[in-house]
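could you work out the structure for the sequence below:
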Amino acid sequence: MKTELLSRFQKKPRASKPMPRKNRTPIRLPEPGAPFPLPAIIRSRLQSISGRTLRVSWMEGILWIIAAAAALILVQAGADWLFDLSRGKRALLLVCDTGLFGWLAWRYLITPWNRRLTLEQAALRAERYWPDWSTSLISAVQLAQRPEGARQLVESLISKVAKRAEKMNFRAAVDSSHLRRLKIAAVLLVIALGAAGWWQWPKSLVLLKRMALSNIPLPTQTIVIPISGDLAIAPGESIDLAARVEGVIPRTGRVEIIYAGKPAQSISITPKPASRDLFSITVPNVQQPLTYRFYLNDGRSPEFKVTLLYGPVLEALAFEQAPPPYTGMPNAQLSAGNLSLLAGSRLHIEGRASQTLKSAQVKIKGGAEPVEMKIGPDRKSVSADVPIPAKDFEGFSIQLENTEEMASHDNTFYKVEVVPDKPPEITYAPGQPEMATFIETSHPRLRFEAHDDFQVKQVILCCQISDGESSEPAADTSKIVKIPVDVAQPAGRLVFDYEWKNPGASVAWKEGTRLNYWIEAVDNNNVTGPGVGRSPVRKWEIVSAETKRQELAEKLRKHAESIEDLSRTQQQLRENVGELIKKEDSKK
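Next up, the predicted model:
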């Protein structure tokens with residue numbers, strides 16, 4: 001193409017005779033391809049096309065944005081006024097609006113800036129607008145950058161193009177007639193928006209705030225201000241739905257309740273007598289999710305949801321009793337219906353919940369503090385060790401709370417029977433009197449047995465000088481003398497034949513003294529004990545030798561009398577039997 005353009009400006013040489021050769025000095029020509037400086041007039045004219053193209057695109061984009069904004073505000077505000085759009089729907093519309101404005105900005109503002117016309121593109125646009133340019137303008141631009149052919153011809157071409165460009169308005173090559181219609185549409189929409197806003201002021205301001213996702217009610221004569229809002233409850237609970245009104249206060253209103261999968265229900269409500277602007281209603285025993293909305297005069301509240309939260313439940317539970325070490329008993333697995341526990345034991349509880357847990361605790365009935373349960377790494381398994389006291393422990397329940405702070409309800413109560421560790425029991429051997437007399441030189445001898453559920457650890461003989469006829473120990477325990485009895489080896493059952501060899505070293509063992517005595521046995525319970533068992537109180541009396549002889553003689557006399565009575569009784573029986581035999585013989 002460039003060769004053809006250059007050929008037009010080249011003149012055909014005339015025919016002439018051959019010239020004789022002469023020695024000539026070679027002319028220095030610029031190196032091929034050295035660029036020419038493009039005349040400022042051409043550059044400025046082409047840049048004006050590029051600049052005007054960008055400005056027209058920007059103006060078109062701004063007009064589109066203005067027109068779209070006005071139209072969207074009118075349409076969406078009207079839809080919100082008619083249908084009371086929820087906040088979620090308004091948020092969706094706002095996202096769509098943002099996407100539309102972003103696309104318009106990219107299409108008409110950002111893309112034209114990134115793709116601004118180069119000098120060659122501007123030259124081509126001018127040649128399309130003025131076809132008589134043919135290809136001279138683009139050729140001048142290209143040859144100035146990359147010269148080809150004779151330099152004088154290129155300079156001549158560029159010079160002619162510059163002279164012509166100086167007389168032309170290149171901005172005319174950019175059409176902007178379509179902006180007029182768009183400008184009229186944008187102005188009309190803005191005027192309509194302004195008129196609607198002025199006509200409905202200040203309601204229009206409220207609608208604009210709602211478009212910006214403000215959670216305020218529609219600008220009606222009666223403005224409903226919700227109080228209860230969204231609720232999350234456990235199944236079976238009652239809910240209080242309440243709203244306050246501003247502006248025109250109606251005499252009655254209604255609440256529309258919609259249960260999941262069921263038609264809407266309308267319930268009439270009236271204001272509270274003490275507060276005429278407060279409307280409320282109680283819905284008992286809610287067993288299904290629902291939505292509700294207040295309709296008061298021409299005002300209505302947003303739609304609110306009532307969701308049911310099901311607390312965690314125990315899917316598995318196991319119990320293990322760890323008896324006190326002093327018992328020597330092994331751990332035992334227990335069932336929930338047979339929680340009979342020895343006082344002082346520890347109850348190990350393990351379970352697994354149906355939901356992820358935030359906390360868990362064992363609540364004890366009887367006065368003890370709750371026991372916090374350990375939650376496993378899976379946030380569902382729980383465990384705890386509960387000490388079993390000797391008293392004030394009736395049972396327990398397990399309270400769970402999930403990560404949404406929803407607590408378990410109707411927790412099972414596990415009744416516990418606390419079995420106390422019985423103290424040892426002391427039994428006297430047969431034949432020992434409750435009241436015995438001794439002389440000063442005598443040594444009392446006791447035969448008895450001590451036994452316990454586990455082990456008897458210590459045995460003590462307790463003595464106290466009697467201050468009267470009472471068989472009970474005196475209240476002053478400081479006067480009690482305790483003499484340890486040797487225990488060879490603690491055991492569950494111990495039999496003693498104990499002789500108190502030196503009573504005078506511990507008590508006033510002399511004539512006329514009366515002593516109350518009893519035996520105490522101590523078990524090995526080091527958790528809730530120790531348990532102390534006590535025998536019945538018996539008496540000793542120290543008498544003179546003469547009194548003791550008289551006592552023995554009296555015993556012998558009574559013994560002899562009893563023998564004589566027994567002999568007479570036997571004789572009488574023999575006589576009776578003989579008479580019976582004679583009567584039987586006579587009858588035969």
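
work out which residue lies at the spatial centre of the protein.
Taking CA atoms, centre = their mean as the criterion, Thr403 is the residue nearest the geometric centre of the chain, at 1.8 Å.

just checking, that one touches Lys358?
Yes. The criterion here is CB atoms under 8 Å, and Thr403 meets it with Lys358 at 5.0 Å. In short, each C-beta sits where N, CA and C put it, glycine included.

the nearest residue to Glu499 once chain neighbours are set aside: how many residues sit nearby?
Among residues not flanking Glu499 along the chain, Arg445 sits closest, at 4.7 Å (CB to CB, 6 or more residues apart in numbering). Around Arg445 there are 12 other residues, counting by other CB atoms under 10 Å.

same question for Val543.
Using other CB under 10 Å, Val543 has 19 other residues around it.

what does Val485 give?
18.

then the one 5 residues further on?
Using other CB under 10 Å, the number of residues around Pro490 comes to 15.

and it, what are its phi and psi?
Phi and psi for Pro490, reported as degrees, to the nearest 10, are phi -60, psi 140.

run through the neighbouring helices and strands of the strand or helix carrying Ser139.
Take DSSP states H and E as the rule and Ser139 turns out to sit in helix 136-145. On a contact count with 3 or more CB pairs under 8 Å, 6 or more residues apart in numbering; DSSP states H and E, helix 136-145 meets helix 2-9, helix 40-83, helix 119-129, helix 151-166.

which parts of this protein are helices?
For the chain, the helices defined by DSSP state H cover 2-9, 40-83, 87-105, 111-114, 119-129, 136-145, 151-166, 178-199, 203-211, 545-587.

so which of these comes closest to Glu434?
Across those, Glu434 has its closest neighbour in helix 545-587 (15.2 Å, CB to CB).

what's the closest of the helices and strands packed on helix 136-145 to Ile110?
Closest to Ile110 of those, according to CB to CB: helix 40-83, at 9.1 Å.

any idea of the angle the closest one forms with helix 178-199?
Taking axes from the mean of the first three to the mean of the last three CA atoms, to 10 degrees, helix 40-83 and helix 178-199 form an angle of 30 degrees between their directions.

re the thing from before, let me have the helices of the chain in CSV, extended by distance to Asn285, mean pLDDT and mean neighbour count.
Below are the helices of the chain laid out as CSV (distance: least, CB to CB, whole Å; pLDDT from 0 to 100; neighbours: other CB atoms under 10 Å):
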stretch, distance to Asn285, mean pLDDT, mean neighbour count
helix 2-9, 94, 40, 13
helix 40-83, 33, 90, 17
helix 87-105, 29, 92, 14
helix 111-114, 62, 92, 12
helix 119-129, 77, 86, 19
helix 136-145, 86, 79, 21
helix 151-166, 89, 78, 16
helix 178-199, 48, 92, 14
helix 203-211, 35, 86, 17
helix 545-587, 84, 78, 10
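
adding distance to Pro273, write these out as JSON lines.
Listed next are those as JSON lines, based on distance: least, CB to CB, whole Å:
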{"stretch": "helix 2-9", "distance to Pro273": "99"}
{"stretch": "helix 40-83", "distance to Pro273": "34"}
{"stretch": "helix 87-105", "distance to Pro273": "33"}
{"stretch": "helix 111-114", "distance to Pro273": "67"}
{"stretch": "helix 119-129", "distance to Pro273": "80"}
{"stretch": "helix 136-145", "distance to Pro273": "90"}
{"stretch": "helix 151-166", "distance to Pro273": "90"}
{"stretch": "helix 178-199", "distance to Pro273": "39"}
{"stretch": "helix 203-211", "distance to Pro273": "31"}
{"stretch": "helix 545-587", "distance to Pro273": "96"}
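
who's in contact with the residue nearest to the centre of the chain?
Gln355, Thr356, Leu357, Lys358, Arg379 (CB atoms under 8 Å, 6 or more residues apart in numbering).

the residue nearest to Glu499 and Lys501 touch, don't they?
No. In this structure Arg445 lies outside contact range of Lys501 using CB under 8 Å: 9.8 Å.
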